[in-house]
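K.L.:
Output the structure for:
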Amino acid sequence: MTAENTAGDTAARPVGRVRSRLGSLLRITSLRLRLVTVFALVALAAAVSVSGIAYWLTRDAVLTRAQQGALDDFRESLGANAGSLPENASCDDLRAMAAAMAKNSQRYQVVLVDQRNGQPVCVAESEPSLFRLDMVPSSLVDAVYKRRDSESGTSPYHLYWQRITYEDEPYLVAGSQVMDDGPTGYMLLSLSAERDDLDSLVVSLGIATALAVFGSVLLAQAAATTVLRPVQRLSDAASRLAEGKLDTRLEERGADELAELTRTFNRAAASLEQRVQDLSAREAASRRFVADMSHELRTPMTAITAVTEVLEDEVDNLDPMIAPAVQLVVSETRRLNVLVENLMEVTRFDAGTARMVLDDVDIADQVTACIDDRAWLDAVEVSGDRGIIARLDPRRLDVILANLIGNALKHGGSPVRVTIREERHPDRPDEVVVEVADNGPGIPEDVLPHVFDRFYKASASRPRSDGSGLGLSIALENAHLHGGDITARNSPEGGAVFTLRLPREARVPGQKKSGDGGRDEAGREAEEAEEGTR
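P.N.:
Numbers count the residues shown, from 1 in each chain. The predicted structure is shown next:
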């Protein structure tokens, strides 16, 4: 008799699949956390793989050893006891044989069946409460009674086995038929002890896997610390470099990739420092050139202006052929004088030497005075709150208003509407808002982002115009000097709208009030440039 598996292992337990979510890992921004996560996942995968292989090998070895021992013992016991049965054995003889076979070291139970003419005439059970004939799978019964052709050295009947689960308990069932019309024997072996041993193994492997993952996390922390410490130093150095500390350098140690990265950073920082120094020197030279040129032009411009004023007074007495030329010289001289003064003001902004002389200003009165001084009363409408007092620089506020209103009259057309209001904010200082709206076609969308750029002109085909392209830029710089801002937009009803926002209390450290009995150099400089910036 030989043993063959007919139904396979029905008690196999599937291994749970671990689904890794790469998208979630990519969203983790911490490099340390990513390193620890990767280490943990690799350790988990390795531990689960090793534990799975160890479990299946151990399980196969334990079950094979248990079932092989029981099958060998059952085969020998069935053959020995069947040979001692009398011819035409009775049921009592079969019961005695079953009881004798059940007394074994393997702890299996026995059922013997005496089948004649295809019908069982006697069923002997060693322990009916533990093992009955109806517990034997039908597939196993069919295999046991199936006779095959005898070959040399082989038996026509074989010992067949199958592992089953009955009432949540694992068992090994085997059966074989004795030759020469002998009884058919079945055995039932409980595999509970082997199951308990395998469950203990699963717990042990689970603990080992958890310890492996925990150890990998500790190892990842140590590795991350070793790797990320230079990266953190590099990040801190880059932050200092971004703050303008161009002399920042890192200590170069080692010969690995991080050391090479450190050397590359130092070379980049040195190159950047040199370039910034060169650019700063060139910028300072350019500012100095513009400032010197503007100052040098003031003396001849003063003389030219005086001459043109005399010519303008005598224009009515000049030859009609010469008068237009004189008028052109007068207008261009005034334009050149404004350009020189604007360049001087821009130079002060760039050099950081522009100063403010603060005073309490009635905004509505200041707007009215600005319009009246330039004879714009017929073309400008003023509305809004009266009596709004703000602490500002009156001269610079007049420059802002003159540029905004003059730009609206020149490019937008009258009437120009000036609206004054006050805005109170619970979380920031109160503001004074002045809106200047014109009656023109508005500003083209491609021009709108550049209206405050220096020397910017909307039409490249008309580089010359009455303006220098610096007025709105100077107005914005003066607003920033107060801590405010100017924005431009197009109104849905048509026309451009410039909105000036200034704090009610402009605070400039180190500046004196205009009424404190003394004026510093910045105040005198501001007075000196007043006419030109207007």
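K.L.:
from here on, contacts and neighbour counts on C-alpha atoms
P.N.:
Fine.
K.L.:
can you tell me which helix or strand residue 498 belongs to?
P.N.:
Element membership for residue 498 (DSSP states H and E) is strand 496-503.
K.L.:
Give the rounded mean pLDDT of that strand.
P.N.:
Averaged across strand 496-503, the pLDDT comes to 92.
K.L.:
Repeat that for stretch 387-404.
P.N.:
Mean pLDDT, stretch 387-404: 89.
K.L.:
Run through who's touching that stretch.
P.N.:
Applying C-alpha atoms under 8 Å, 6 or more residues apart in numbering, the external contacts of stretch 387-404 come out as 356-364, 366-367, 370-371, 422, 432, 436, 471-472, 474-476, 478-479, 482, 498, 503-506, 526-527, 530, 533-534.
K.L.:
Repeat that for stretch 35-42.
P.N.:
213, 214, 216, 217, 220, 221, 224.
K.L.:
Might you quantify the distance of whatever helix or strand the second one lives in from its chain's geometric centre?
P.N.:
Here residue 214 sits within helix 192-242, counting by DSSP H and E. Taking C-alpha atoms, centre = their mean, to the nearest Å, one finds helix 192-242 lying 24 Å from the centre of the chain it belongs to.
K.L.:
which other helices and strands contact it?
P.N.:
helix 31-83, strand 169-177, helix 257-313 (3 or more C-alpha pairs under 8 Å, 6 or more residues apart in numbering; DSSP states H and E).
K.L.:
looking at these, which is buried most?
P.N.:
strand 169-177 (a mean of 23; mean count of other C-alpha atoms under 10 Å).
K.L.:
Output the contacting helices and strands for it.
P.N.:
By 3+ C-alpha pairs under 8 Å, 6+ apart, strand 169-177 packs against helix 138-145, strand 159-166, strand 184-190, helix 192-242.
K.L.:
ok, 7 Å please
P.N.:
Secondary-structure packing of strand 169-177 (3 or more C-alpha pairs under 7 Å, 6 or more residues apart in numbering; DSSP states H and E): helix 138-145, strand 159-166, strand 184-190.
K.L.:
I figured residue 494 was touching residue 442, is that so?
P.N.:
Yes. With contact defined as C-alpha atoms under 7 Å, residue 494 counts as touching residue 442 (6.2 Å).
K.L.:
More neighbours: which of these two?
P.N.:
Neighbour totals were compared for residue 494 and residue 442, and residue 442 leads with 21 against 14 (other C-alpha atoms under 10 Å).
K.L.:
any idea whether the more buried one is helix, strand or coil?
P.N.:
Following DSSP: H, G, I helix; E, B strand; the rest coil, we place residue 442 in the coil state.
K.L.:
Paired strands for the host helix or strand of residue 361, with orientation please.
P.N.:
Using DSSP H and E, residue 361 falls within strand 359-362. Each strand paired with strand 359-362, and its direction, by DSSP bridges: strand 389-392 (antiparallel).
K.L.:
for the next helix or strand after the partner strand, which positions count as buried?
P.N.:
Downstream of strand 389-392, the next assigned helix or strand under DSSP H and E is helix 394-411. Neighbour counts over helix 394-411 (16 or more other C-alpha atoms under 10 Å) mark 394-409, 411 as buried.
K.L.:
how far does helix 394-411 sit from the chain's center?
P.N.:
Centroid displacement of helix 394-411 relative to its chain, using C-alpha atoms, centre = their mean, is 45 Å.
K.L.:
Dump it to PDB, keeping only the CA atoms.
P.N.:
Presented in PDB, the C-alpha positions along helix 394-411 are these (Å, rounded to 0.1, in the frame of the first residue of the first chain):
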ATOM      1  CA  PRO A 394       2.900 117.900   2.800                       C
ATOM      2  CA  ARG A 395       5.400 118.400   0.000                       C
ATOM      3  CA  ARG A 396       5.600 114.800  -1.000                       C
ATOM      4  CA  LEU A 397       1.800 114.400  -0.700                       C
ATOM      5  CA  ASP A 398       1.500 117.400  -3.100                       C
ATOM      6  CA  VAL A 399       3.900 115.700  -5.500                       C
ATOM      7  CA  ILE A 400       1.800 112.500  -5.400                       C
ATOM      8  CA  LEU A 401      -1.500 114.400  -6.000                       C
ATOM      9  CA  ALA A 402       0.000 116.600  -8.800                       C
ATOM     10  CA  ASN A 403       1.300 113.500 -10.700                       C
ATOM     11  CA  LEU A 404      -1.900 111.500 -10.300                       C
ATOM     12  CA  ILE A 405      -4.300 114.400 -11.200                       C
ATOM     13  CA  GLY A 406      -2.000 115.700 -13.900                       C
ATOM     14  CA  ASN A 407      -1.700 112.300 -15.500                       C
ATOM     15  CA  ALA A 408      -5.500 111.900 -15.400                       C
ATOM     16  CA  LEU A 409      -6.000 115.200 -17.100                       C
ATOM     17  CA  LYS A 410      -3.400 114.600 -19.700                       C
ATOM     18  CA  HIS A 411      -4.200 111.000 -20.700                       C
END
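K.L.:
re earlier: and the helices and strands packed on helix 192-242, which one's lowest on average pLDDT?
P.N.:
Taking each of the helices and strands packed on helix 192-242 in turn, the lowest mean pLDDT turns up on helix 257-313, with a mean of 78.
K.L.:
re earlier: and of the helices and strands packed on strand 169-177, who's closest to residue 253?
P.N.:
Among these, strand 159-166 comes nearest to residue 253, with 65.6 Å by C-alpha to C-alpha.
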